[in-house]
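[1] can't give you the sequence, but here's the structure:
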């Protein structure tokens, strides 16, 4: 009896130690699905950064980190993502059946924020980034125009990333070469919007060199918007040091 009591004390103390330990890092594995006819989402993240996601259209895994950092690989990750999304769709169908299709609360995304990845130099290839946050459910749909004409070449879209309040944030990027007079527009569509929200970005009104100091100050303000903005301003912050 005494031996059993000692074992119970050890277990309780171990539990207390686990609860009081500080959390050094937070990792996440996200599986998402909303429609049986759509691909769904699957991604891995660490400390608010997107490390890997499944590109179901091209049937492969993608590591979105910049080239100057060590990449984390996930052998068999794409096959696992396919299986998890199928399970997600099955669970979703069962939930809808038993709950008799409960209504979904829609939260509209924030107004799009559009900025260039690097300082703008006319004639030098750059990347425009369009970011929104605070929406539910995921995903949003992005579209780009250049001088009023639809643009698809050179565009990419991230997977939705969860915020702490249960909403999502997401971004799209467009590779472009700045030229005076060109006007770009990023539009975002979502179930909670009656019509897409748009934001224009004008090369003519953009200084050819904004300067690292401006990016650093802006990073402190907008960095909380999500993983897309966080990665961008981390790079700019390094330029300031």
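    Sure thing, it's come through. Nothing here was measured: the structure is a model prediction, and the numbers come from that model.
[2] need the next SSE after the lengthiest helix in the chain, C-terminal direction.
    As assigned by DSSP state H, the longest helix anywhere in the chain is helix 77-99. Toward the C-terminus, helix 77-99 is succeeded by strand 113-116 as the next helix or strand (DSSP states H and E).
[3] just to revisit the earlier point, which other residues reach the longest helix of the chain?
    If you take CB atoms under 8 Å, 6 or more residues apart in numbering as the criterion, helix 77-99 is touched by 31-34, 36, 39-42, 44, 52, 54, 56, 59-61, 74. In this view, the C-beta of every residue, glycine as well, is placed from N, C-alpha and C.
[4] How about stretch 134-154?
    Residues outside stretch 134-154 that contact it (CB under 8 Å, 6+ apart) are 32, 34, 41, 104-110, 128, 130, 132, 155, 157, 159-160, 163, 166-170, 172, 174-176, 182-192, 196.
[5] Please pick the buried ones from these.
    Buried subset of those (neighbour count, 16 or more other CB atoms under 10 Å): 32, 41, 107-110, 128, 130, 132, 155, 159-160, 163, 167-170, 172, 174, 176, 184-188, 190.
[6] low pLDDT regions in the chain?
    Counting by pLDDT under 70, the chain shows low-confidence ranges at 1-23, 100-103, 205-241.
[7] domains of this protein?
    Domains of the chain are assigned by automatic domain parsing as 25-99, 113-240.
[8] Run the chain-centre distance for the first one.
    A distance of 12 Å separates the centroid of the chain from that of domain 25-99, by CA atoms, centre = their mean, to the nearest Å.
[9] For the protein, which segments are assigned as helices?
    Using DSSP H, helices in the chain cover 2-20, 77-99, 212-222, 227-240.
[10] So what sits opposite the nearest residue to residue 111 once chain neighbours are set aside in the bridge?
    Nearest in space to residue 111, with sequence neighbours left out and distances taken as CB to CB, 6 or more residues apart in numbering, is residue 197 at 5.8 Å. Counting by DSSP bridges, residue 197 is bridged to residue 188.
[11] which ones are touching residue 197?
    109, 111-112, 132, 187-188.
[12] That one and residue 134, how far apart?
    When CB to CB, to the nearest Å is the yardstick, residue 197 and residue 134 sit 12 Å from each other.
[13] again, but for residue 115
    Separation of residue 115 from residue 134 (CB to CB): 18 Å.
[14] ok, those two, which is more surrounded?
    Between residue 115 and residue 134, residue 115 has the larger neighbour count (other CB atoms under 10 Å), namely 20 against 15.
[15] count of residues packed around the closest residue to the more buried one other than its chain neighbours?
    In this structure, residue 115 finds its nearest non-sequential neighbour in residue 129, 5.8 Å apart by CB to CB, 6+ apart. Neighbourhood size, residue 129 [other CB under 10 Å]: 20.
[16] For residue 129, list each beta-bridge partner.
    For residue 129, the beta-bridge partners are residue 115, residue 173 (DSSP bridges).
[17] That one contacts residue 155, correct?
    No. In this structure, residue 129 is not within contact of residue 155 by CB atoms under 8 Å, at 11.1 Å.
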